[in-house]
Structures are given as C-alpha cells and as structure tokens.
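Visitor: Below is the structure, and that's it, no one-letter string:
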C-alpha cells in the first residue's frame, strides 16, 4: 500500500495503517534521534515522537510528505529531550557486545576494527555543531534529498547543500585528528 493511502487510513483511526507507517520510518527516525541524543536515549525519543505523531495525525495537512512531517516531530522531540536532560549527569555510551561463537580470530579482529571505525565516526559526528550535524545525518543516514532536508529544517536547498559539504569537511578534519584517517 502506498504512503498516501496509509496516511489516509491512519488519519481515520486505522491503527494497522499507522503501524505500517511506524515500520516504514522507524529506522530512519531512530538514526535521526540517535544523532541528536545518543544511542542510550534514541529509542525513547522515537517512541515519544511516534506517540505525538499519532495524536497529531488528524491535523496533518499533507503539505509535506509524512516522512518529512515525522522527522520534524522527531527533531523537536529530541531537542525537548535534550533540554530536559541538560541538568542530569551524562552516562557513558553503551557498548555493543558480540557473542563470538563460531568466529575466527580474523573475524573478531575485522569486527573490532569495524566497530572502532563506527564508534569514531559517531563520536566525530556528535562533535559537529547541530546546524551541520543535522543535514549530514539526514542526507547520509536517513537518505533524504536536499529539497527534503531544506523543507524539514526550514532552510534553502542551497544552504542544505553547503551545510552538508561543510559538515563533510569538518568530519574529515575531526577523523584525522582522532587518527581514524590515513
């Protein structure tokens, strides 16, 4: 079923249609939230955002795509979450664990290198200022087009392009400083 039909049905109270929209957008919404609040709180932010979207769905005017509208809710929810958490002590990032059964030493070393690289990239992305981090995450993790990024963030398309380019340059500098680039 196409997105418009799912939205139409969900607006009419069809929970199954809304669940289909949740399945369709969960991963992208999670990546956006993770880029803003970190992995420990991303799921909570996304759950809150989808709950808010369900409540606001009857007022959704479909001037933008459902995805763009939802990402704006996730963005606002993440910002609100960060404000609430500002006075709480920061907890260390969770680490991923692997069971290791059936893995060779070479597999474990390759996995460790890949996990280290991902961790370094995530740390570097988190160091970018929000006005650069958001367009970068939306473009490469959530695979939004530049017009969609511009609409979501309320900026011109050319500004979205420039911010992504600037973010990539700064990301390369940060990764080089971390010793993650040759």
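Guide: Right, received. Where do you want to start? Model, not experiment: these values are computed from the prediction.
Visitor: all strands in this protein, in order from the N-terminus.
Guide: Counting by DSSP state E, the chain has no strands to list.
Visitor: the bottom helix or strand of it by mean pLDDT?
Guide: helix 105-127 (a mean of 72; mean pLDDT, DSSP states H and E).
Visitor: for the residue nearest the centre of the chain, what are its contacts?
Guide: In the chain, the centroid-proximal residue (CA atoms, centre = their mean) is residue 32; its distance is 1.2 Å. By CB atoms under 8 Å, 6 or more residues apart in numbering, the residues touching residue 32 are 71, 74-75, 78, 137-138, 141-142. Quick note: C-beta positions are derived from backbone N, CA and C, even for glycine.
Visitor: From residue 41, how far out is it?
Guide: To residue 41, residue 32 is 13 Å away according to CB to CB, to the nearest Å.
Visitor: Also residue 55?
Guide: Per CB to CB, residue 55 is found 21 Å from residue 41.
Visitor: what about the two, which has more around it?
Guide: Higher neighbour count among residue 55 and residue 41: residue 41, with 17 against 9, using other CB atoms under 10 Å.
Visitor: how close does the more buried one get to residue 78?
Guide: Counting by CB to CB, the gap from residue 41 to residue 78 is 8 Å.
Visitor: Quickly list what's touching both of these two.
Guide: Common contacts of residue 41 and residue 78, defined by CB under 8 Å, 6+ apart, comprise residue 33.
Visitor: ok, which stretches of this protein are helices?
Guide: Here the chain has its helices, by DSSP state H, at 3-11, 15-37, 39-56, 66-85, 105-127, 130-140, 146-153, 157-177.
Visitor: and the last one, what does it pack onto?
Guide: Here helix 157-177 is seen to pack against helix 105-127, helix 130-140, helix 146-153 when contacts are counted using 3 or more CB pairs under 8 Å, 6 or more residues apart in numbering; DSSP states H and E.
Visitor: tell me the angle the second one makes with helix 66-85.
Guide: I take that to be helix 130-140. Per axes from the mean of the first three to the mean of the last three CA atoms, to 10 degrees, the angle that helix 130-140 makes with helix 66-85 is 140 degrees.
Visitor: quick one: average pLDDT of helix 130-140?
Guide: For helix 130-140, mean pLDDT is 89.
Visitor: Could you check the angle it makes with helix 146-153?
Guide: Angle, helix 130-140 to helix 146-153, by the same axes, to 10 degrees: 140 degrees.
Visitor: which other helices and strands contact helix 130-140?
Guide: Packed next to helix 130-140, using 3+ CB pairs under 8 Å, 6+ apart, are helix 15-37, helix 105-127, helix 146-153, helix 157-177.
Visitor: Of the ones you listed, which is nearest residue 83?
Guide: Across those, residue 83 has its closest neighbour in helix 15-37 (10.8 Å, CB to CB).
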